[in-house]
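J.: Model the structure of this input:
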Amino acid sequence: MALDPIDTSQPHPARMYDYYLGGKDSYPVDEDAAERVISFLPAIRVAARTNRKFMSRAARLLADRGVYQFLDIGTGIPTEPNLHQVVQAINPQSRVVYVDNDPIVLRHAEALLQSTSEGATKYIEADVREPEKIIEEAKEILNFEKPVALSLVALLHFVSDEYRPYDLVNELLAPLPSDSFLTLSHVTGDFDAAGWEKAVEIYRKNGVPAQVRSRDEFAGFFTGLDLIEPGVQVVTQWHPEPDQEFNDERVPLYVGVAQKP
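T.: Now for the predicted structure:
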């Protein structure tokens, strides 16, 4: 497969996120933009770290419930444990499709996203705004007659209202059978509106259609679905682990998992 060239002329959300996590797969342009965000919004690093742990908790919960097919859109640069490592540790036959639109993510994915022999992984280079392409290619690995866990973790805050994010979620859910799941996380300006306004401005100036949302706006993505307890929560309050690093009820990240009836 011919790989698209990596654009280092402007920041990319996946590489900035990797920088927030303390990773090494970013370029100076990403680091400069990320440091500007951190300078007035230091909580973004906590949000990134707690988001990764939420992904693992949610994936384990669903795998323990018998779900073995996962469609993860907005994968980001692989950071252990990756979703397939979490679920294949529970069920080695689990099948995972990753989706992202950054060539550097693809290069890491090809090298690092190795499945168990019993299961399968696939990487799709696509944007969440291409739901038909994603579903069509995901069908090469996933059986859409069996439940699928759709993950849009730390992604929808990069889809502003002009791109119809609620419609996109519904379009992705529509082909999934009953008893499938939706896992979401999303930053919010509820606790620091001024800081997040500045952060959104930085992303938008670099071509990223960022938009933070309130708790009610985030909850709207689950309309028509059955939320798993404890419903929509700040990330540190959703099935917290006994030894979790942060317990702040104001971490600016809402999360939730819901089932399709």
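J.: Flag the shaky bits of the stretch 101-250 of the chain, pLDDT-wise.
T.: For the stretch 101-250 of the chain, applying pLDDT under 70 flags the ranges 110-113.
J.: Which parts of the chain are helices?
T.: 13-20, 28-40, 43-64, 83-90, 103-112, 131-138, 165-173, 193-205, 215-219 (DSSP state H).
J.: Mean neighbour count and distance to Phe144 for those helices - can I get that in a markdown table?
T.: For the C-beta atoms, the positions are set from N, CA and C on the backbone; glycine is no exception. Shown next, in a markdown table, are these (neighbours: other CB atoms under 10 Å; distance: least, CB to CB, whole Å):
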| stretch | mean neighbour count | distance to Phe144 |
| --- | --- | --- |
| helix 13-20 | 23 | 27 |
| helix 28-40 | 16 | 36 |
| helix 43-64 | 20 | 17 |
| helix 83-90 | 21 | 18 |
| helix 103-112 | 17 | 22 |
| helix 131-138 | 18 | 8 |
| helix 165-173 | 18 | 11 |
| helix 193-205 | 16 | 33 |
| helix 215-219 | 16 | 26 |
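J.: now these as TSV including distance to Glu118?
T.: Shown next, in TSV, are these (distance: least, CB to CB, whole Å):
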stretch	distance to Glu118
helix 13-20	29
helix 28-40	37
helix 43-64	14
helix 83-90	8
helix 103-112	19
helix 131-138	19
helix 165-173	27
helix 193-205	40
helix 215-219	36
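J.: of those, which approaches Ala154 most closely?
T.: helix 43-64 (5.1 Å; CB to CB).
J.: Show me what that closest one is packed up against.
T.: helix 13-20, helix 28-40, helix 83-90, strand 149-153, strand 181-187, strand 253-259 (3 or more CB pairs under 8 Å, 6 or more residues apart in numbering; DSSP states H and E).
J.: repeat that with 6 Å
T.: helix 13-20, helix 83-90, strand 181-187, strand 253-259 (3 or more CB pairs under 6 Å, 6 or more residues apart in numbering; DSSP states H and E).
J.: Out of these, which gets nearest to Arg215?
T.: strand 253-259 (5.8 Å).
J.: Now tell me what touches the closest one from outside.
T.: 47, 51, 54, 58, 181-188, 215, 218, 222, 225-228, 232, 235, 238 (CB atoms under 6 Å, 6 or more residues apart in numbering).
J.: Of those, keep whichever come out buried.
T.: Buried members of the contacts of strand 253-259, scored by 16 or more other CB atoms under 10 Å, are 47, 51, 54, 58, 181-188, 218, 222, 225, 228, 232, 235, 238.
J.: Now do stretch 118-126: distance to the chain's middle.
T.: 16 Å (CA atoms, centre = their mean, to the nearest Å).
J.: next one: stretch 107-122
T.: 18 Å.
J.: Same check on stretch 91-109?
T.: That offset, for stretch 91-109, works out to 12 Å (CA atoms, centre = their mean).
J.: do the same with stretch 76-87
T.: That offset, for stretch 76-87, works out to 11 Å (CA atoms, centre = their mean).
J.: quick one: average pLDDT of it?
T.: Averaged over stretch 76-87, pLDDT sits at 86.
J.: what sits up against that stretch?
T.: For stretch 76-87, using CB under 6 Å, 6+ apart, the contacting residues are 14, 17-18, 25, 56, 59-60, 63, 72, 94, 96, 105, 108, 112, 121.
J.: out of the residues you listed, who's nearest Arg36?
T.: Tyr17 (14.8 Å).
J.: Now for that closest one: which residues touch it?
T.: Ala48, Gly76.
J.: and the closest residue to Ala138 other than its chain neighbours, what does it touch?
T.: Leaving aside its sequence neighbours, Ala138 sits nearest to Val97 (CB to CB, 6 or more residues apart in numbering; 4.6 Å). Contacts for Val97 (CB under 6 Å, 6+ apart) come out as Leu71, Lys122, Ala138, Ile141.
J.: any idea how far Val97 lies from Ala109?
T.: Taking CB to CB, to the nearest Å as the measure, Val97 falls 11 Å from Ala109.
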